[in-house]
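K.L.:
quick check, what structure comes out for this input:
(4 chains)
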There are 4 protein chains.
Amino acid sequence: MTRPLTKAELRVILEEVAAEIRPRVGEGAVAAYIPELAKVDPSKFGMAVTTLDGAVVAVGDADEPFSIQSVSKVFTLTLALGRVGDALWRRVGREPSGSPFNSIVQLEAEKGVPRNPLINAGAIVVADVLLAGREPKAALGEIVGFLRFLADEPDIVIDRDVARSETATGERNRALAHFMKAFGNLGHDVDKVLGVYFHQCAIAMSRRQLSRAGLFLADAGRDPTTGRAVVTAERARRVAALMMTCGHYDGSGDFAYRVGLPGKSGVGGGILCVAPGRGAIAVWSPCLNEKGNSLAGSLALEALARRTGWSVF
Amino acid sequence: MTRPLTKAELRVILEEVAAEIRPRVGEGAVAAYIPELAKVDPSKFGMAVTTLDGAVVAVGDADEPFSIQSVSKVFTLTLALGRVGDALWRRVGREPSGSPFNSIVQLEAEKGVPRNPLINAGAIVVADVLLAGREPKAALGEIVGFLRFLADEPDIVIDRDVARSETATGERNRALAHFMKAFGNLGHDVDKVLGVYFHQCAIAMSRRQLSRAGLFLADAGRDPTTGRAVVTAERARRVAALMMTCGHYDGSGDFAYRVGLPGKSGVGGGILCVAPGRGAIAVWSPCLNEKGNSLAGSLALEALARRTGWSVF
Amino acid sequence: MTRPLTKAELRVILEEVAAEIRPRVGEGAVAAYIPELAKVDPSKFGMAVTTLDGAVVAVGDADEPFSIQSVSKVFTLTLALGRVGDALWRRVGREPSGSPFNSIVQLEAEKGVPRNPLINAGAIVVADVLLAGREPKAALGEIVGFLRFLADEPDIVIDRDVARSETATGERNRALAHFMKAFGNLGHDVDKVLGVYFHQCAIAMSRRQLSRAGLFLADAGRDPTTGRAVVTAERARRVAALMMTCGHYDGSGDFAYRVGLPGKSGVGGGILCVAPGRGAIAVWSPCLNEKGNSLAGSLALEALARRTGWSVF
Amino acid sequence: MTRPLTKAELRVILEEVAAEIRPRVGEGAVAAYIPELAKVDPSKFGMAVTTLDGAVVAVGDADEPFSIQSVSKVFTLTLALGRVGDALWRRVGREPSGSPFNSIVQLEAEKGVPRNPLINAGAIVVADVLLAGREPKAALGEIVGFLRFLADEPDIVIDRDVARSETATGERNRALAHFMKAFGNLGHDVDKVLGVYFHQCAIAMSRRQLSRAGLFLADAGRDPTTGRAVVTAERARRVAALMMTCGHYDGSGDFAYRVGLPGKSGVGGGILCVAPGRGAIAVWSPCLNEKGNSLAGSLALEALARRTGWSVF
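P.N.:
Model prediction:
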């Protein structure tokens, strides 16, 4: 491991990456099945890196909010592990699914136990865990509060239009939830669980906020700016391991191969990427590849990893 | 990243790990479907670590040979990438399969293209690549020669009894090969390709040799004792990334979660594990868990990673 | 085709069949997942045959009502074909599924189009067709009215307790419905469609009524007692063909092999069987085999077909 | 059941059917994966009906031979049941597969037991049964001899060019065979079993011969011209039942729905169809629909069944 890059060096690299990737922005397609997301400007692209010292280096408007969608799964997983610890793994697996994000096939043979917490079915189980003993509003309050705490910014909110849009079009997620409930793997009403899930996906954050919120995963569970432990080092590493093997659905292997860093994508076009010992990166570009991951975002992270040497391997 | 462990510290850790894991040795079952492997003493257990300076620290008899089986796939993949580069990815994917090592299901929907080069079907395609323009004997000569070069020891050989045993019982691999040939994804005769594949699996190596042979993956493609490049840094990282996401079949996610290091298991009970910037580890214990990976070996690597802090995350 | 059996001959045969099968009654298990069905006396067994002349020959209490469950799918399919004709086949297939009655796997690859109208998913699409332009109450009114008309008895009703029990435990059916709705293959609210579906399954009929109601399928679509056409000969034959290939889920092939007659089973333990040119048979025995079909009922129909020579083959 | 059609009436019907279907001949595509079959003239079309009295009515050249391919499975199944009786069902199922003729997916979950004897995997098991205690040549001798006996014609032979072509291109069948052998469901060498299988598929018969050979299935197991029993009535009915539910691969349900008669198709474009109590029909037209069944042949049988009222339902 070589010396950390200076802020100036990192800025140059980000600008080079942006210049390299810009021509590809707009390739692929914005997620069409959630109408509110389909309205987003497909030419958006930007990255923000928060380094371990808390500094932010960015290209593009680092303060523009976007819908984090499935990136939220990293944070709800962290909360659920805090609540129930390893008991979570009785209800959800830790293996890549080899299937699309919303696939139901595997659930039938495996009796309602989703492969991992970063695909839709698994995140719905995680939402169910977070609901224990309270109403959706309270669970969502904890999720948003956790993100505000991690990002150290009070103005992170749920985009109500997006939440409504997800609710209106969430039939496959309803199917997943009822299917798991049939196997006894959902403790609460499907509507309540999906209320949490749809709203967590509709949280809007800026690249600055998201990269800041993910920083604890780059420093063994601590907030490096305060030195306070968010989670244990072991837990942080394990969440990162799940991001590596499962963070991009059936494109996870390719992302690990090309980027070499743990990451989690969202259908809104965001990706949170963790460079252990270096920092956390948030990239946003709404057009998706055929696996449902940000096309330009993935390419940008590949270019960034190549230039910085931040691959974990 | 903290300072490297001294040889003495590492030896203490290995002994602690061995003491911790010893009671679990013998749990699980020796691979029964290859008769020659079924003869192995199930109480065997040992680890060897070769650190970047070329030093070897071991518990158990580091010089006792065992059948490396699917661990060989890491090396044939490296050779095949050297031969055809990214053209390999037109014939094999880079995704975890979510299926057992010898599953054929995915090949039907995906028209004869295996999910990754570290499952049987993928490794058979890799063997086909290595056959181009020559006979099985020559291809095997290159494979064994590569391992001798990497391990810096001339006495690595193929165990003919094991090879015969694999050949006699390799019906599922024959099915995989013929199925891929039906889709035009095998250029040579099935018998020749499987001749290479069965014999590469039957290579016998000691823990010392295997950890030494994997060292280039821990130092960005270089042999750290000589400084000579074996492969480019990018290629070494990518092979390691594939080991992380695909190295333990449908137990890869769990291994990444518990160990946090790229690894590749073999049905003979061996695992090669790479700790980037630290060294390479070879563990051997013949009894397998239900996914076909060494049970005590996996536990030992988990304990080692916990005690050394070598997780890449 | 030999001369029709006399009523006396048929009575003797039925009694022989009953004597032969009686020792097997109680083998298997009553459907446990619908609590109201789980209360049924597992020792029940009886058969009623309505011959083309309208005569009823029975063993056991032919007037005891039972929950017809999926046997209702034959009648809703007939109604839906009457409403939309071959347009139905744009929304549901005509192939055996090779999968359990409540499987969701096939729906994913085939984009929300169920394999046939006699598995749950297909019958839910059929219920959706019957809802067009009206409320569930009206659709159910038509279904019950059709059964009363066919059975020529006014006292066929929906068992409200069973309907409530199905509604309370119908999570897999909800999953199927939402999944199909995600693919645009359901026009109405899931709750309304399932309202129809759960209630049609909860219709209670006696063996006498059910065998009478199925008689039109044994006489090329006509009610042989009145000579009036219920459906065209072609439609009646086609419904019977679907019963033959798809009427017993993933046990359809075995039923055709052993019985040789078109039949449709329900999880309540009833089977409606059609002997073209002879009559219709209703058998009821609540304990199910591992495919979810009445165990003693299937055996009784096999014995009946053997003794009568009524196989269509 | 109405009075039998006269020979003159049947001839008129066949001519009407031919006129109706002729414009569709050439739609679809000749099987391309067996080169020798790909040479066949795609404009061929003809039907022959052998009625219970042994009379033959035909349109087109009833004496032109074609490759019967999978139609042979009906006859090898009959022979295997004669050899081992119900013990066959320990090695092969009786259910429609819901999958293409050469699918391997189901074999993995069901541990090498094919769904039914009329798909490739199942017929390979049947060939293995016929090999017991002898060489492929003897087994083939029995098969050809059985067909000569049934057709009452001595000049039925195996087309060596077609057999060679099948052998050269049979990789998927090799995969199926090795896969089943891995599960212990094949007693002989794969090469020998496939030797039988490839050659039985290459048998050439004329429509006259094939319809004559199938006649025993239309008369409860007897040869109606001699009155001698070929098999028991029960066995004949059961073979016909399997043809109904499984005879057209994943198009079996549709064939039953449209035609209403047991049938078995071959990739050479032939279909043998049984009209119980009436006769047996052989149709040949080489262009296949997307399920691998003769397109014009299926349509012709549908038209024939409509005009004759021969549906079993």
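
K.L.:
burial measure for A:Ala38, as a count.
P.N.:
Counted with other CB atoms under 10 Å in any protein chain shown, the neighbours of A:Ala38 add up to 14. For the C-beta atoms, the positions are set from N, CA and C on the backbone; glycine is no exception.

K.L.:
in contact with it, which residues?
P.N.:
Applying CB atoms under 8 Å, 6 or more residues apart in numbering or on different chains to A:Ala38 gives the contacts A:Val30, A:Ala31, A:Ala32.

K.L.:
try it again with 6 Å
P.N.:
Residues near A:Ala38 by CB atoms under 6 Å, 6 or more residues apart in numbering or on different chains: A:Val30, A:Ala32.

K.L.:
state the distance from it to chain B.
P.N.:
Using CB to the nearest CB, to the nearest Å, A:Ala38 is found at 27 Å from chain B.

K.L.:
ok, that residue to D:Pro154 distance?
P.N.:
For A:Ala38, the distance to D:Pro154 equals 71 Å [CB to CB, to the nearest Å].

K.L.:
what residue is smack in the middle of chain A?
P.N.:
A:Val71 (1.7 Å; CA atoms, centre = their mean).

K.L.:
just the pLDDT for that one.
P.N.:
The model reports A:Val71 with a pLDDT of 98.

K.L.:
so what's the residue in chain A positioned nearest to chain B closest to, chain neighbours aside?
P.N.:
As assessed by CB to the nearest CB, chain B sits closest to A:Gly98 within chain A, at 3.1 Å. Nearest residue to A:Gly98, sequence neighbours excluded (CB to CB, 6 or more residues apart in numbering or on different chains): B:Gly98, at 3.1 Å.

K.L.:
show me the contacts for that neighbour.
P.N.:
Contacts for B:Gly98 (CB under 6 Å, 6+ apart) come out as A:Pro96, A:Ser97, A:Gly98, B:Asp250.

K.L.:
before we move on, what about A:Thr50?
P.N.:
Per CB under 6 Å, 6+ apart, neighbours of A:Thr50: A:Val56, A:Ser211, A:Arg212, A:Leu215, A:Gly279, A:Ala280.

K.L.:
same check, this time on A:Arg235
P.N.:
A:Leu81.

K.L.:
can I take it that it is in a helix?
P.N.:
Yes: assignment of A:Arg235 by DSSP: H, G, I helix; E, B strand; the rest coil places it within a helix.

K.L.:
so what pLDDT did it get?
P.N.:
So A:Arg235 comes in at 97 (pLDDT).

K.L.:
please report the distance of it from C:Arg237.
P.N.:
In terms of CB to CB, A:Arg235 sits 64 Å off from C:Arg237.

K.L.:
likewise for A:Leu5?
P.N.:
Distance from A:Leu5 to C:Arg237, by CB to CB: 77 Å.

K.L.:
neighbour count winner among the two?
P.N.:
Neighbour tally, A:Leu5 and C:Arg237, criterion other CB under 10 Å: the higher count belongs to C:Arg237, 26 against 20.

K.L.:
can I assume the residue nearest to A:Gly98 sits in a helix?
P.N.:
No: going by three-state DSSP, the assignment for B:Gly98 is coil, not a helix.

K.L.:
find me the pLDDT at it, would you?
P.N.:
pLDDT, B:Gly98: 84.

K.L.:
same check, this time on the one 4 residues further on
P.N.:
Here, the pLDDT recorded for B:Asn102 equals 86.

K.L.:
do the one 3 residues further on as well
P.N.:
In this prediction, B:Val105 carries a pLDDT score of 90.

K.L.:
residues near it, how many?
P.N.:
Neighbours of B:Val105 using other CB under 10 Å come to 17.

K.L.:
show me what contacts it?
P.N.:
D:Val105, D:Glu108.

K.L.:
hmm, 7 Å instead?
P.N.:
B:Ser99, D:Val105, D:Glu108 (CB atoms under 7 Å, 6 or more residues apart in numbering or on different chains).

K.L.:
do A:Lys192 as well
P.N.:
Counting by CB under 7 Å, 6+ apart, A:Lys192 touches A:Leu131, A:Pro136.
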